[in-house]
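Enquirer: Below: sequence and its predicted model.
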Amino acid sequence: MDFRQLRTFSCVAELGSLSKASDTLRVAQPALSRQIKLLEHELRTELFTRNGRGMVLTEAGRLLLARTSGIVRQIDQIRDDIQSAKGPPSGQVVLGLVPTVSCVLSARFARRCVERFPGISLRIVESYSGHLVEWLHRGEMDLAILYGRSADLHLNVQSLGRDNIVAVGPRGCGLARKKSVDIGWLLRQRLVLPSHSHGLRALIEHAAAQRKIKLDVQLEADSFRVLTSLVEEGLGFALLPPSSVHGEVADGRLETAPVSKPMTRELIFASPIDRPASTASLAITALLREEVAACRKDGVWDIKLS
């Protein structure tokens, strides 16, 4: 196996199409197809299933991608770092954001990145903390902002601060008129929550167990946007960071109120522990800290900075 074959394989696997990979790599399709066939011949197995919809990884292909995607990215970053030594940072940075942070940061930060670092290609991936941690471990992501206890993640981490959790309800529910709501009362209402695999659900379940309250959860949503839309429809209350529904509250579509016993979650910067950060990643990390501070100053994010 050589690097050119692995890079071609990784690109085709990500895009699911030889034609799209050809456009991305600027290499003719027949040449890419030949590299894939040589790699399959060397490994003595098929890596893709070819059909009318494109190229789909086989079981062997998924294994190869999991083992080599981080290696391909590291080699690309070495090249980018050498080029950056002669001038401003360049190269691709993959940034992961949990949904409640993404809705606050993504657009603002992307604009700041384009203005400050035109040589950096920024890819923003939105997902829940568990998925982001997995991609960081596999070397498929450079940096993430996620929730979690920093000691448990086996990553390079920097505490960003603590995010408050508030009660969220539909327009006219009365939350906007309250200074705070009793956490016991809130936990007895019909709730719309993420599934059990998510950290926010675990936090709420723990609060309910402490008070011996059985939660009333008929609807679950692992999509943040679906969850807030269900609350807008009056199908239940939610518990979320106030910054994540800032726009909906300003538009009068949702109402919020603090809970009587404050609930917070730790937000952290995380990056892989087994390789040094690229020059571009370090630049993005510093810029992220600036943007978080700016969001706090502008009043769109009330995170308590560390």
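Expert: Everything's here; your move. Residues are numbered from 1 along each chain as shown.
Enquirer: residues of the one helix or strand residue 82 maps to that come out buried?
Expert: In the assignment (DSSP states H and E), residue 82 maps to helix 59-84. The neighbour-count check on helix 59-84 (16 or more other C-beta atoms under 10 Å) flags 61, 64-65, 68-70, 72-73, 76-77, 80-81, 84 as buried. C-beta here means a position set from N, CA and C on the backbone, and glycine is covered the same way.
Enquirer: for it, packing partners?
Expert: helix 3-15, strand 91-97, helix 279-298 (3 or more C-beta pairs under 8 Å, 6 or more residues apart in numbering; DSSP states H and E).
Enquirer: among the ones you listed, which is the most enclosed?
Expert: Neighbour counts (mean count of other C-beta atoms under 10 Å) averaged over each of the helices and strands packed on helix 59-84 peak at strand 91-97, with a mean of 23.
Enquirer: mean confidence for it?
Expert: Strand 91-97 comes out with an average pLDDT of 91.
Enquirer: Just the residues contacting it, thanks.
Expert: By C-beta atoms under 8 Å, 6 or more residues apart in numbering, the surrounding residues in contact with strand 91-97 are 73, 76-77, 79-81, 83-84, 105-106, 119-127, 132, 135-136, 140-146, 278-281, 284, 288.
Enquirer: repeat that for 6 Å
Expert: For strand 91-97, contacts defined as C-beta atoms under 6 Å, 6 or more residues apart in numbering pick out 80, 120-126, 132, 141-145, 280-281, 284.
Enquirer: Work out the sheet partners of it and label each with its direction, please.
Expert: strand 120-126 (parallel), strand 143-147 (parallel) (DSSP bridges).
Enquirer: right, and the helix or strand after it?
Expert: Strand 91-97 is succeeded, C-terminally, by helix 99-116 (DSSP H and E).
Enquirer: Which strands or helices does that next one pack on?
Expert: strand 120-126 (3 or more C-beta pairs under 6 Å, 6 or more residues apart in numbering; DSSP states H and E).
Enquirer: If you count neighbours, what's buried in the strand it packs on?
Expert: Quick answer for strand 120-126 (16+ other C-beta under 10 Å): 120, 122, 124, 126.
Enquirer: Just send the residues you listed back as CSV, with distance to residue 16 and pLDDT too.
Expert: Below are those laid out as CSV (distance: C-beta to C-beta, whole Å; pLDDT from 0 to 100):
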residue, distance to residue 16, pLDDT
120, 25, 91
122, 22, 94
124, 20, 95
126, 20, 92
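Enquirer: so, if you compare those, which one comes nearest to residue 231?
Expert: Using C-beta to C-beta, residue 126 comes nearest to residue 231 of the buried residues of strand 120-126, at 19.3 Å.
Enquirer: residue contacts, the closest one?
Expert: With C-beta under 6 Å, 6+ apart, residue 126 has these contacts: 97, 99, 102.
Enquirer: so where's the protein uncertain?
Expert: 83, 85, 150-152, 305-306 (pLDDT under 70).
Enquirer: tell me the SS of residue 27?
Expert: coil (DSSP: H, G, I helix; E, B strand; the rest coil).
Enquirer: Phi and psi next, for it.
Expert: Main-chain dihedrals, residue 27, degrees, to the nearest 10: phi -130, psi 140.
Enquirer: That one and residue 33: what is the separation?
Expert: Between residue 27 and residue 33 the computed distance is 10 Å (C-beta to C-beta, to the nearest Å).
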